[in-house]
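Q: Okay, sequence plus prediction incoming.
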Number of protein chains: 2
Amino acid sequence: MSTPTFATAFAPATLSNLGPGFDCLGLAVTVGGDRVTVRRAAAPGVRVLSVSDPRIPLDPERNTAALAAASVLRRTGQNIGLELSVEKGLPLSAGLGGSAASAVAGAVAANAVLGATLSRREIVLAALDAEAVVSGRHPDNVAPAVWGGAVLVLSLDPLRLVTVRVAEKLRFVVATPDYAVETQQARAALPEAVRREDAVAQAAGLGALVLALERGDTKTLAAALEDRIALPYRAPLYPGFVEARDAALEAGAIGATISGGGPTVVALVSVDSDAGTRVADALRAAYTNAGYAASVTVARVDARGAHVL
Amino acid sequence: MSTPTFATAFAPATLSNLGPGFDCLGLAVTVGGDRVTVRRAAAPGVRVLSVSDPRIPLDPERNTAALAAASVLRRTGQNIGLELSVEKGLPLSAGLGGSAASAVAGAVAANAVLGATLSRREIVLAALDAEAVVSGRHPDNVAPAVWGGAVLVLSLDPLRLVTVRVAEKLRFVVATPDYAVETQQARAALPEAVRREDAVAQAAGLGALVLALERGDTKTLAAALEDRIALPYRAPLYPGFVEARDAALEAGAIGATISGGGPTVVALVSVDSDAGTRVADALRAAYTNAGYAASVTVARVDARGAHVL
């Protein structure tokens, strides 16, 4: 198979910071994603020809898709140029892993036009190089965007990832109200130290959460979604969240929490309970009452992850 | 079936504080256990007739088997007396859940002579009443001693337990050097606060540990046994531990850590690798070099848990 002169790659939205999975557990979901087209060019260097969202810089030193493509270029050792077009499907500063999706799609498309020599692990590392510049070197969005499904990040250096199966019957009702929360702002709200009991409860909660996700054990899921490290400090950043969560639970959700740096809320439901639509309606209504329009999707796990289109 | 006038129950040794499972993950193992015989008596109250280890008090207000039997008696609402004989199979202050085993065996035997009306959950709560008096209300030894296998404690009030399967191929090389560490002493060494990064790493570690135990994923197990909350502060309490752990790894162990409040060391091995005997020898030799005799067992998971004999 000859190497193509251009390729378009897709990378999905990812939920992260799932309850006690703060900074370590991410999950690719069918809530859309970003598309990046990369074309080979004779003149060396990486250039961004277009981005569908004018708020995103064309400067290749500040654009995650371009930074990731540049890292792929370095890793392959080739001395050609790459020209990118970025089509944002995900909202900015929403907590859906938008910058990770652009980085991953940029890396996957660049890898395709450079001969597809990099492994998925190297794609993660290339996308992390981009994230490091823009929003911090946290792989909990990048890893599931590459692999699909749910991924637990055991360590970053060296990169150790553990896949987590998600029971067939689970659905994720994803609601994004129309206000933005900057990742930096969400990180600034975090305390440096955690009480020992909270650290123990967070660990026990994550252990229970991953087992419950695999087993589809809704009773344990309901009890295992509490985050004691981040959300208690960040909640004031998310107007409407508490009301939305309460409405989701009332409508039959297993539990609900903030995704990423927010403000996206994710409510877990079981297809057994047929609560998906009711929970979606409840979330939308709660945000309307709070004065925000919200985009709501009843999503599944995206098991495929990033791929060339 | 008529209610017996006496019953003898066995409860197994339990490993706890397994790496990032500090204060929340315990595991019953075939390293012996405690036996308690309970006999109905006409005169109300709980009395201890004998204990095989003279260091353990006969005073029913300070004896965990008697305290647990008294809690069972209260929970059943019967107004009879109980007389106990306690046969310790487990060493004291060794980190093998000895007080939990006595409490659980006392509760199970008492329940048998009172008509076996309590559930396993109530047996856990009765044994916790005893542990609360003697060493603190931590269910991470009591729960696996009752249920068998590995149990994750998601919360204490309300009591929420999640069972964790342990892959068939795993063995636990358990080495107890001949010195004691008091539970209180081990707890006093703990800091009140934990750095946020360490809390995140502990949670990720526990998530990875439970998945790896279920899957028999030895590579992840090897990386997921680090405890960042307790062991770094307690290590000075355990002379010979660092050398023993290094020797176990050298001999082919997947990883090694302290069980409970120590000084017992547990090294994980896979039967695939045939390392059990080599690791046992290495642990024994390391403690001998450090000036301690050590009792070493290549154990399996005790899947059955406490039971009437």
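A: Great, that's in hand.

Q: Would you state the strands of the stretch 1-150 of chain A in chain order?
A: Assigned by DSSP state E, counting those that start in this stretch, the strands in the stretch 1-150 of chain A fall at A:6-16, A:25-41, A:45-51, A:81-87, A:150-155.

Q: Please read the previous query as pertaining to the stretch 151-300 of chain A.
A: Along the stretch 151-300 of chain A, counting by DSSP E, counting those that start in this stretch, strands occupy A:160-164, A:170-177, A:193-195, A:255-258, A:265-270, A:294-299.

Q: out of those strands, which comes closest to B:Arg55?
A: For B:Arg55, the closest of these is strand A:193-195, at 34.8 Å, according to CB to CB. In this view, the C-beta of every residue, glycine as well, is placed from N, C-alpha and C.

Q: What strands line up against that closest one, and which way round?
A: Here strand A:193-195 has these sheet partners by DSSP bridges: strand B:193-195 (antiparallel).

Q: So what touches the partner strand?
A: With contact meaning CB atoms under 8 Å, 6 or more residues apart in numbering or on different chains, strand B:193-195 is reached by A:192-196, A:199, B:202, B:228-229.

Q: who wins for neighbours among those residues?
A: Within the contacts of strand B:193-195, A:Ala199 tops the neighbour count with 28 neighbours, counted by other CB atoms under 10 Å in any protein chain shown.

Q: How about that residue, nearest residue that isn't a chain neighbour?
A: Spatial nearest neighbour of A:Ala199, excluding adjacent residues (CB to CB, 6 or more residues apart in numbering or on different chains): B:Ala199 at 3.9 Å.

Q: I'd guessed that neighbour sits against A:Gly205; true?
A: No - using CB atoms under 8 Å, B:Ala199 is not in contact with A:Gly205; the gap is 11.3 Å.

Q: can you map out the helices along the stretch 1-150 of chain A?
A: Using DSSP state H, counting those that start in this stretch, the helices found in the stretch 1-150 of chain A span residues A:64-76, A:98-113, A:120-134, A:139-147.

Q: Pick the most deeply packed of those.
A: helix A:98-113 (a mean of 32; mean count of other CB atoms under 10 Å in any protein chain shown).

Q: which ones are touching the residue nearest to A:Ala248 when sequence neighbours are not counted?
A: Leaving aside its sequence neighbours, A:Ala248 sits nearest to A:Ala267 (CB to CB, 6+ apart; 4.0 Å). In this structure, A:Ala267 makes contact with A:172-173, A:175, A:245, A:248, A:253-256, A:279, A:283, judged by CB under 8 Å, 6+ apart.

Q: about what we covered before: closest to A:Thr163 among the contacts of strand B:193-195?
A: B:Gln202 (20.4 Å).

Q: Next, work out how far apart the closest one and chain A are.
A: 5 Å (CB to the nearest CB, to the nearest Å).

Q: Let me see the contact set for that residue.
A: So B:Gln202 contacts A:199, A:202-203, B:20, B:22, B:194, B:227-229 (CB under 8 Å, 6+ apart).

Q: quick revisit: let's have the strands of the stretch 151-300 of chain A in CSV, adding distance to A:Val72 and mean pLDDT.
A: Output for these, formatted as CSV (distance: least, CB to CB, whole Å; pLDDT from 0 to 100):
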stretch, distance to A:Val72, mean pLDDT
strand A:160-164, 19, 97
strand A:170-177, 29, 98
strand A:193-195, 37, 95
strand A:255-258, 32, 97
strand A:265-270, 30, 98
strand A:294-299, 29, 97
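
Q: of all those strands, which lies closest to B:Leu84?
A: That would be strand A:193-195 among these, by CB to CB, at 38.7 Å.

Q: Quick check: which ranges of the stretch 201-309 of chain A have low pLDDT?
A: Nowhere does the stretch 201-309 of chain A drop to pLDDT under 70.

Q: what are the ranges of the helices in it?
A: For the stretch 201-309 of chain A, applying DSSP H, counting those that start in this stretch gives helices covering A:218-223, A:231-234, A:241-250, A:276-289.

Q: With just CA atoms, put the first one into CSV.
A: By that I understand helix A:218-223. Output in CSV follows, covering the C-alpha atoms of helix A:218-223 (Å, rounded to 0.1, in the frame of the first residue of the first chain):
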residue,chain,number,x,y,z
THR,A,218,-25.6,-0.2,38.9
LYS,A,219,-26.0,-0.4,42.7
THR,A,220,-22.3,-0.1,43.2
LEU,A,221,-22.0,2.5,40.4
ALA,A,222,-24.5,4.7,42.2
ALA,A,223,-22.4,4.6,45.3
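
Q: Can you point out the buried residues in that helix?
A: A:218, A:220-223 (16 or more other CB atoms under 10 Å in any protein chain shown).

Q: Out of the helices of the stretch 201-309 of chain A, flag the one nearest B:Gly148.
A: Nearest of the helices of the stretch 201-309 of chain A to B:Gly148, taken as CB to CB: helix A:218-223 at 19.0 Å.
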